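**Q** Fold the following.
(chains A and B)
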Amino acid sequence: MEGSIFQYSFVIKGLLGAVFASITAGLAGTYIVSKRMVFLSGGITHASFGGIGIGYFAGFNPLIGAAVFAILSAIGIEYLSVRQKIREDSAIGILWALGMAVGIIFIYLTPGYTPNLISYLFGSILTVTNADITALGVLSVVLILYFVIFYRSILYISFDETFARTYSSYVDIFKYITTSLIALTIVLNIRMAGIVLVISLLTIPPNIAMLFTRVYSTIVIGSIIAGFIGTVTGYVIAYFAGIPVGATVIFSLGTIWIIAKLVNQLCKTKPDSGDHDVKSKYL
Amino acid sequence: MAYLVEINSLSASYGDNTVLEDINFKIYDHDFIGVIGPNGGGKTTLLKVILGLVKPVKGKIIFNRKLLIGNNTGYLPQIATGDLNYPVTVSDVVLSGLMIGKGVVSRVSSQDKERVVEVIEELGLTSMRRSSLSELSGGQLQRVFLGRAIIGNPKLLLLDEPGNFVDTNFEKDFYDKLRELNSRMAILMVSHDIGTISSHVKSFACVNRYLHYHPSSEISNEQLLAYGCPIQLITHGDVPHTVLKHHD
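**A** Down below sits the predicted model:
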């Protein structure tokens, strides 16, 4: 019964992957959405493809290459926009495509073996290894500890950096550590969600949660729950329909977001219209 | 009398652009100083130097550590420097004023929470304590950021253009509040609105690259000339009157 053993570990792997993806994406996603860093994170994601290409070409783990590229491009964008006075969105646009180009060049230069590009671009649950799951698990623990221990510092620095500088000399250190952890979150989720789609895995769950709460810690918890539901639903659809898992996960999350938005709108309209009536009486 | 901050022949610049030069200035306990001068004259930079946000290129700034324990300075920035759509509540923002002097691993004690409730009540924001900033009016925002500045009971309060939050309904309340706070702390307030502040501050510092200190709160012609443009003056009296510059 080899099939059933394979099936079992596949399900466990999928579930663990869903839990860790939701935790990492929920924590990192709430940060980038709150701080309006979504486009920046998209740039980092695509730039990391350069590292994947070089990894294949030079024969080391492509995800290590991707991690190096992600962190370097995050620092590079900061450097170009602050020190070289290139507008940040232009810097992102340049590194975004440059990374992709480097990736494609090196993958095509790799003799003999062409990896399955589709799985890197759109995600695949079949290529997720035990090592990938373990790495995501470790990152989940690190992120939880980081955000729980330094919650107030991270929140206040990201809300108002200038004010934070009046009392703390650790502002830059926090920014670099947080950005690096976000880069790692993106890279480790690429295997499952794919380069093109991973940014939505980080962006949609916090936006679902923010429809219902404006409290940062509650948004994180809400994102993790929304992310988990969307990921598991996406897995099931991907498994039965044979579609790349990144697409089905993002499609599920998008659907949840639309439903949540409608529910939120319906809940809002009633008390809101009543409020307007009261106001108009006095105005 | 004991000084809180002493600034000695200090210069500050952004790149090659010298903004402040040879500043000599002392802030004493219970001072209420209006900092006036033209745009780009270095008013905000002066506050930033005191806060340590801008490093001086020359001279030094000495804090009286007997009075200013742990650099206990409250700061109300010119415009809300934070993102008003950021998911933080009024309580969160006021609480962030207590981060001064705390380590990076900062636990919020029940004492801190009580203090937040106290300050929020003092500023009349109790019903909004769980609201996010985007739901507040200009005057309410001003009070939230003032709450953040004073929650740590600072000995020195730095206000940068508090009138910018524009809410004339709360203006009187705001200045009354400052007067009350002045009994507990020295205040340094940057403003262009010299007409309004002249009835509140005890003394003036004119900043236009150099700093001239005027111990009384009256505005002299010399001070007005620092602006290099027509100045409107509104004074109190039986009949309010406006004085305009002479025609050429």
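**Q** Need the phi and psi values for the residue nearest the centre of chain B.
**A** Residue closest to the average C-alpha location in chain B (C-alpha atoms, centre = their mean): B:Leu159, at 1.0 Å. Here is the backbone geometry of B:Leu159 (degrees, to the nearest 10): phi -120, psi 130.
**Q** Which residue is the nearest non-sequential neighbour of the residue in chain B that chain A sits nearest to?
**A** In chain B, the residue found nearest to chain A is B:Gly82; the distance is 3.4 Å by C-beta to the nearest C-beta. Glycine gets a C-beta too; all of them are placed from N, C-alpha and C. Leaving aside its sequence neighbours, B:Gly82 sits nearest to A:Asp160 (C-beta to C-beta, 6 or more residues apart in numbering or on different chains; 3.4 Å).
**Q** what's around the one you found, how many residues?
**A** For A:Asp160, the neighbour count with other C-beta atoms under 10 Å in any protein chain shown is 22.
**Q** Can you verify my assumption that it contacts B:Ser96?
**A** Yes: between A:Asp160 and B:Ser96 there is a contact under C-beta atoms under 8 Å: 7.4 Å.
**Q** Please see if the helix or strand A:Gly227 falls within touches chain B.
**A** A:Gly227 is part of helix A:216-241 when elements are defined by DSSP states H and E. Yes: contact between helix A:216-241 and chain B, assessed by C-beta under 8 Å from any C-beta of the partner chain, occurs at A:Tyr216, A:Ile219.
**Q** What is that helix packed up against?
**A** Helix A:216-241 sits against helix A:2-34, helix A:198-209, helix A:245-282, with contacts defined as 3 or more C-beta pairs under 8 Å, 6 or more residues apart in numbering or on different chains; DSSP states H and E.
**Q** Figure out how far it is from the centre of its chain.
**A** 12 Å (C-alpha atoms, centre = their mean, to the nearest Å).
**Q** cool, and stretch A:108-121?
**A** 23 Å.
**Q** Ok, stretch B:10-22 next?
**A** Stretch B:10-22 sits 21 Å away from the centroid of its parent chain (C-alpha atoms, centre = their mean).
**Q** Can you give me the end-to-end span of that stretch?
**A** 5 Å (C-alpha to C-alpha, to the nearest Å).
**Q** do that stretch and chain A meet at all?
**A** No: for stretch B:10-22, no contact with chain A is found by C-beta under 8 Å from any C-beta; the gap never falls below 11.9 Å.
**Q** quick check: mean pLDDT across that stretch?
**A** Averaging pLDDT along stretch B:10-22 yields 88.
**Q** Same question for stretch B:91-105.
**A** pLDDT averaged over stretch B:91-105 gives 82.
**Q** swap in stretch B:134-150?
**A** Mean predicted confidence for stretch B:134-150 is 87.
**Q** I'd like the distance from that stretch to the chain centre, please.
**A** 14 Å.
**Q** just stretch A:241-253 next, same as before
**A** Chain-centre distance of stretch A:241-253: 15 Å, with C-alpha atoms, centre = their mean.
**Q** and if you look at stretch B:154-174?
**A** 8 Å.
**Q** The helices and strands packed on helix A:216-241: which one's closest to chain B?
**A** With C-beta to the nearest C-beta as the yardstick, what comes closest out of these is helix A:2-34 (5.6 Å).
**Q** list the buried ones in the closest one?
**A** Counting neighbours by 16 or more other C-beta atoms under 10 Å in any protein chain shown, one finds that the buried residues in helix A:2-34 are A:13-14, A:16-34.
**Q** Within reach of chain B, which of those residues are there?
**A** A:Ser34.
**Q** Contacts made by the longest helix along chain B with the rest, please.
**A** Longest helix of chain B, by residue count under DSSP state H: helix B:168-182. Contact with helix B:168-182 is made by B:30, B:32, B:123, B:139, B:142-143, B:146, B:150, B:157, B:159, B:162-163, B:187, B:189, B:196, B:200, as judged by C-beta atoms under 8 Å, 6 or more residues apart in numbering or on different chains.
**Q** Dump it to CSV, keeping only the CA atoms.
**A** What follows is helix B:168-182, C-alpha atoms only, in CSV (Å, rounded to 0.1, in the frame of the first residue of the first chain):
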residue,chain,number,x,y,z
THR,B,168,-10.2,76.8,15.9
ASN,B,169,-12.9,75.3,18.2
PHE,B,170,-10.3,73.7,20.3
GLU,B,171,-7.7,76.4,20.0
LYS,B,172,-8.6,78.2,23.2
ASP,B,173,-8.8,74.8,25.1
PHE,B,174,-5.5,73.9,23.7
TYR,B,175,-3.7,77.0,24.9
ASP,B,176,-5.4,76.8,28.3
LYS,B,177,-4.1,73.2,28.5
LEU,B,178,-0.6,74.4,27.6
ARG,B,179,-0.7,77.1,30.3
GLU,B,180,-1.7,74.4,32.9
LEU,B,181,1.1,72.1,31.6
ASN,B,182,3.6,75.0,31.9
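**Q** after that helix comes which helix or strand?
**A** Toward the C-terminus from helix B:168-182 - assigned by DSSP H and E - lies strand B:186-190.
**Q** Contacts (any at all) between chain A and that next one?
**A** No: judged by C-beta under 8 Å from any C-beta, strand B:186-190 stays clear of chain A, getting no closer than 14.1 Å.
**Q** now the most centrally placed residue in chain A, nearest residue through space, not along the chain?
**A** By C-alpha atoms, centre = their mean, the mean C-alpha position of chain A lies nearest to A:Leu202, the distance being 3.3 Å. Nearest non-adjacent residue to A:Leu202, counting by C-beta to C-beta, 6+ apart: A:Gly29, 3.6 Å away.
**Q** which residues does that neighbour contact?
**A** A:Leu201, A:Leu202, A:Thr203, A:Pro205, A:Pro206, A:Ser223, A:Gly227.
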